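*Asks:* When you get a sec, could you give me coordinates for this:
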Amino acid sequence: MYKIIFCLLLLSTGACSQSPNNNPLKKVPMSASENKYYSTTSKEKLVLPDSVWKQVLSPEVYQIARQKGTERPFTSAFETSKEVGTFHCAACGNPLFKSTAKFESGCGWPSFFEPITKGSIIYLPDNSLGMSRTEVECGKCKAHLGHVFEDGPPPTGLRYCINGVVLSLEKNKS
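*Replies:* The predicted structure follows:
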């Protein structure tokens, strides 16, 4: 469903063009110096110019996902949510976390002890703000999600502290 919505958004902006022979890679029109590709398959990376991200994301999601912002603590509906399902990247729809990996950390942001797969998250060093942390990004579109810390519960001992603005929840069907 995310692929359909996202491609429709891209089509409306003129950034999505059909390629011959149903190749999953579709060329994004941009300058020769920015000649990149994005993919509509979950195993591939999604690379779009900033101008397209700005058009397809809400200002709130754009500020956090593309500019590495942070939402105010205790403002996300997902922080205390007990709903069952799969949390996806709000920018590209990539599955990130199962609700069964969510826990109440009290830190003010939705917290998880493990991602849905190893490839769903990218880890980067973050030495900003005078501290050493590990930033986490979406493994598909490189949207900034938050940070991971080593003070979580078993079985991993990790706490993925994620901005709720960059998450969407696909609820399990009852």
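*Asks:* For the protein, just list every one of the strands.
*Replies:* Assigned strands in the chain, in chain order: 25-27, 37-39, 85-89, 95-98, 102-103, 111-112, 121-126, 133-138, 144-149, 159-162, 167-171 (criterion: DSSP state E).
*Asks:* Just give the strands next to the fifth one in its sheet, each with its orientation.
*Replies:* Okay, so that is strand 102-103. Using DSSP bridges, strand 102-103 pairs in its sheet with strand 111-112 (antiparallel).
*Asks:* hang on, the earlier thing: need the strands of the chain in a markdown table (columns: mean neighbour count, distance to G69 and mean pLDDT).
*Replies:* Heads up, the C-betas are built off the backbone N, CA and C, glycines and all. Output for the strands of the chain, formatted as a markdown table (neighbours: other CB atoms under 10 Å; distance: least, CB to CB, whole Å; pLDDT from 0 to 100):
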| stretch | mean neighbour count | distance to G69 | mean pLDDT |
| --- | --- | --- | --- |
| strand 25-27 | 15 | 28 | 30 |
| strand 37-39 | 19 | 23 | 32 |
| strand 85-89 | 22 | 15 | 97 |
| strand 95-98 | 22 | 18 | 98 |
| strand 102-103 | 17 | 22 | 96 |
| strand 111-112 | 26 | 18 | 96 |
| strand 121-126 | 14 | 13 | 94 |
| strand 133-138 | 19 | 12 | 96 |
| strand 144-149 | 23 | 7 | 96 |
| strand 159-162 | 24 | 13 | 97 |
| strand 167-171 | 17 | 14 | 95 |
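*Asks:* who's in contact with S120?
*Replies:* 94-96, 138-140 (CB atoms under 8 Å, 6 or more residues apart in numbering).
*Asks:* would JSON lines of these with distance to R66 be doable?
*Replies:* JSON lines is the format used below for the contacts of S120 (distance: CB to CB, whole Å):
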{"residue": "N94", "distance to R66": "15"}
{"residue": "P95", "distance to R66": "20"}
{"residue": "L96", "distance to R66": "17"}
{"residue": "C138", "distance to R66": "11"}
{"residue": "G139", "distance to R66": "16"}
{"residue": "K140", "distance to R66": "14"}
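*Asks:* Low-confidence ranges, the chain, go.
*Replies:* Scanning the chain for pLDDT under 70 picks out 1-43, 174.
*Asks:* Helices along that one, start to end?
*Replies:* 2-13, 50-56, 59-65 (DSSP state H).
*Asks:* Give me the distance between stretch 50-58 and the centre of its chain.
*Replies:* 14 Å (CA atoms, centre = their mean, to the nearest Å).
*Asks:* ignore the last one, stretch 112-121
*Replies:* 11 Å.
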